[in-house]
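Student: What follows is a protein structure lacking sequence information:
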């Protein structure tokens, strides 16, 4: 535990402590070295400093906020720092770049003293011109004899840069490729954000938008926007984060090696998008935040963390946590279509040495789920959540708040619940059935609309779990065990029959997915060639069973298609009636 933010990282690797006078011409030759340097500086000045200086104001991040899917926090903590930054693994040429920024002249130790002084003064003038007047005189005195473009000055410069509306730019400079190092290449950068084009292009690519059916744009726009933003680590939120995501997407498409970092006043989280080049489908995403680890299980030995000094504040159990994510390509046949990110690994950062400790015990999507869910429905949960992105719900002391809290919780954790094992889900199902059913319970009389919302979300999850099981059967893999075609078709027919009677609560995406999975099974060339195309007289008992279940599956898929066709026709009739009424009025 540290007593003050000034103590942070004083035992870090040589060259990364900011104690004492500025070191001349700090050289960081690689993007990895720059990343480590920025981690220490940004954690110290942008997270730890306000945490210690504003103890009653700084809200540590809840662990659930780092678990996808991300929610936009409606509160803006205006006293906290915020910034955006882009670093290129190459020299920066202002005229050749695809965005606007104020250029700073790179430091050069070999220049004549008078020329070096001119460059130093020019860089300081650029910085002063973009700062509030109240900061200008202080900055002028403090950096009168310091080149602000040199990263040695960056730690002391950070509080001023964090007050700017626009981004910082870093790039490489040096007399020879082997002697290059990073420097602050510019300030007041505007990241290009052609959001409209990116959303429409992405929506068409994943099949959610159609040039022949403009209505699909309005129907699926929010889904596409959220999925696209989440691929780059953000919710649908502020312009700073939106432009960073779109800019990262564009740079990655160009094959750049880059690093983009954003800190928002609402999320209090350092989000880093690292583009290693064209060798990967998406840039890497990670987040660093101060979190309160109040519920570390005893078997994870929280006392060891305390004894070894991993807590930033042991009394409040505050840790510096880094979460690394894995991106998932969109698949229209995946029942968990909305999943763009999942947690790959977690690391705790030591507040003195800056070293990391792999630690998987903090963000556990299944830890204490039963207890949390039970507290929500019993009205014993204290905390807050965001309901439909527009309303903050505090605690669960009324039936309306319980239903809103439950709806928000089910919405956020939907894709994880769909993937839970049957054994684990049984307890969740029991809690939700006891609370939400029967639907005509008198408790819900005055809050019928909120109850219907929560019940529909729960019903969707129940049906989606069956579709997810169909996916496993299609892959002929159940709980890690390889199964044969006979079991695949028999269990699929039973699942489809069960699902058929549940889709009185109709969800088109699930019905479409079930039809697609079923048709994939029917079109299996081995099954068709070995069992279906042959006459029954040439089949064994097992072959006859496979052929019978195949026929059941054909009938069930035809039933699903008929149900979907009727639903679609009903929707078109309702839309036509609405248009006629509007025209008549």
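Tutor: That came in fine, so what should we check first? What you see is a predicted model; the values in this text were computed from it and never measured.
Student: Name the residues that touch stretch 105-125?
Tutor: Outside of stretch 105-125, the residues within contact range by C-beta atoms under 8 Å, 6 or more residues apart in numbering are 24-25, 104, 139-140, 143-150, 173, 175, 183, 185. Any C-beta I mention is one placed from the backbone N, CA and C, and that applies to glycine too.
Student: Just the buried subset of these, written out for PyMOL, thanks.
Tutor: Buried residues within those, by 16 or more other C-beta atoms under 10 Å, are selected in PyMOL with:
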select buried, resi 104+139+143+146+147+148+149+150+173+183+185
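Student: quick one: which of the contacts of stretch 105-125 sit in strands?
Tutor: Mapping the contacts of stretch 105-125 onto strands (DSSP state E) picks out 173, 183, 185.
Student: I'd like to know how far the last one sits from residue 495.
Tutor: I take that to be residue 185. 58 Å (C-beta to C-beta, to the nearest Å).
Student: tell me the pLDDT at the most centrally placed residue in the chain?
Tutor: Among the residues of the chain, the one closest to the centroid is residue 233, at 3.9 Å (C-alpha atoms, centre = their mean). pLDDT, residue 233: 88.
Student: can you check residue 361 too?
Tutor: Value for residue 361, per-residue pLDDT: 69.
Student: going forward, begin numbering at 56 instead of 1
Tutor: Sounds good: first residue 56 from here, last item residue 416.
Student: residue boundaries of the helices in the stretch 506-640 of the chain?
Tutor: 540-555, 563-577, 580-582, 596-639 (DSSP state H, counting those that start in this stretch).
Student: Let me see the domain layout of the protein.
Tutor: 60-74+84-154+246-413, 424-639 (automatic domain parsing).
Student: export these to JSON lines and tack on distance to residue 186?
Tutor: Below are the domains of the chain laid out as JSON lines (distance: least, C-beta to C-beta, whole Å):
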{"stretch": "domain 60-74+84-154+246-413", "distance to residue 186": "13"}
{"stretch": "domain 424-639", "distance to residue 186": "34"}
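Student: what about residue 265, neighbour count?
Tutor: 13 (other C-beta atoms under 10 Å).
Student: Check the gap between it and residue 616 for me.
Tutor: Taken as C-beta to C-beta, the span from residue 265 to residue 616 is 20 Å.
Student: which intervals of this protein have sub-threshold pLDDT?
Tutor: 56, 69-80, 350-356, 388-392, 416, 419-423, 627-640 (pLDDT under 70).
Student: show me where it has strands.
Tutor: In the chain, the segments counted as strands under DSSP E are 138-143, 155-158, 222-228, 236-245, 313-318, 325-330, 339-347, 373-382, 396-404, 411-413, 439-442, 446-449, 532-533, 536-537.
Student: okay, those in JSON lines with distance to residue 190 next?
Tutor: Formatted as JSON lines, the strands of the chain follow (distance: least, C-beta to C-beta, whole Å):
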{"stretch": "strand 138-143", "distance to residue 190": "15"}
{"stretch": "strand 155-158", "distance to residue 190": "16"}
{"stretch": "strand 222-228", "distance to residue 190": "16"}
{"stretch": "strand 236-245", "distance to residue 190": "13"}
{"stretch": "strand 313-318", "distance to residue 190": "19"}
{"stretch": "strand 325-330", "distance to residue 190": "23"}
{"stretch": "strand 339-347", "distance to residue 190": "26"}
{"stretch": "strand 373-382", "distance to residue 190": "28"}
{"stretch": "strand 396-404", "distance to residue 190": "30"}
{"stretch": "strand 411-413", "distance to residue 190": "34"}
{"stretch": "strand 439-442", "distance to residue 190": "34"}
{"stretch": "strand 446-449", "distance to residue 190": "33"}
{"stretch": "strand 532-533", "distance to residue 190": "61"}
{"stretch": "strand 536-537", "distance to residue 190": "65"}
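Student: for residue 225, what are its contacts?
Tutor: Residue 225 neighbours (C-beta under 8 Å, 6+ apart): 89, 140-143, 147, 206, 237-240.
Student: ugh, wrong one, residue 572
Tutor: Here residue 572 is in contact with 388, 522, 525-526, 529 (criterion: C-beta under 8 Å, 6+ apart).
Student: Select, out of the strands of the chain, the one closest to residue 612.
Tutor: In terms of C-beta to C-beta, the element of these nearest to residue 612 is strand 532-533, at 21.0 Å.
Student: which helices and strands does the closest one pack with?
Tutor: Helices and strands touching strand 532-533, by 3 or more C-beta pairs under 8 Å, 6 or more residues apart in numbering; DSSP states H and E: there are none.
Student: Can you list the strands that it pairs with?
Tutor: strand 536-537 (antiparallel) (DSSP bridges).
Student: what residues does the strand it pairs with touch?
Tutor: residue 531.
Student: chain center to that strand: distance?
Tutor: Here the centre of strand 536-537 is set off from its chain's centre by 32 Å, with C-alpha atoms, centre = their mean, to the nearest Å.
Student: Likewise for stretch 319-332?
Tutor: That offset, for stretch 319-332, works out to 10 Å (C-alpha atoms, centre = their mean).
Student: Packed most tightly, which of the domains of the chain would that be?
Tutor: Per-stretch averages of neighbours, counted by mean count of other C-beta atoms under 10 Å, single out domain 60-74+84-154+246-413 among the domains of the chain, with a mean of 18.
Student: Quote the end-to-end distance of that one.
Tutor: Terminal residues of domain 60-74+84-154+246-413 are spaced 23 Å apart (C-alpha to C-alpha, to the nearest Å).
Student: ok now that domain, how far from the chain's centre?
Tutor: The answer for domain 60-74+84-154+246-413 is 8 Å, by C-alpha atoms, centre = their mean.
Student: among the helices of the stretch 506-640 of the chain, which is nearest residue 471?
Tutor: Using C-beta to C-beta, the helices of the stretch 506-640 of the chain put helix 563-577 closest to residue 471, at 17.2 Å.
Student: Would you map the helices across the stretch 206-355 of the chain?
Tutor: Going by DSSP H, counting those that start in this stretch, the stretch 206-355 of the chain shows helices at 209-216, 250-260, 270-286, 294-308.
Student: In JSON lines: those helices, plus distance to residue 608.
Tutor: As requested, the helices of the stretch 206-355 of the chain are arranged in JSON lines below (distance: least, C-beta to C-beta, whole Å):
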{"stretch": "helix 209-216", "distance to residue 608": "62"}
{"stretch": "helix 250-260", "distance to residue 608": "31"}
{"stretch": "helix 270-286", "distance to residue 608": "29"}
{"stretch": "helix 294-308", "distance to residue 608": "41"}
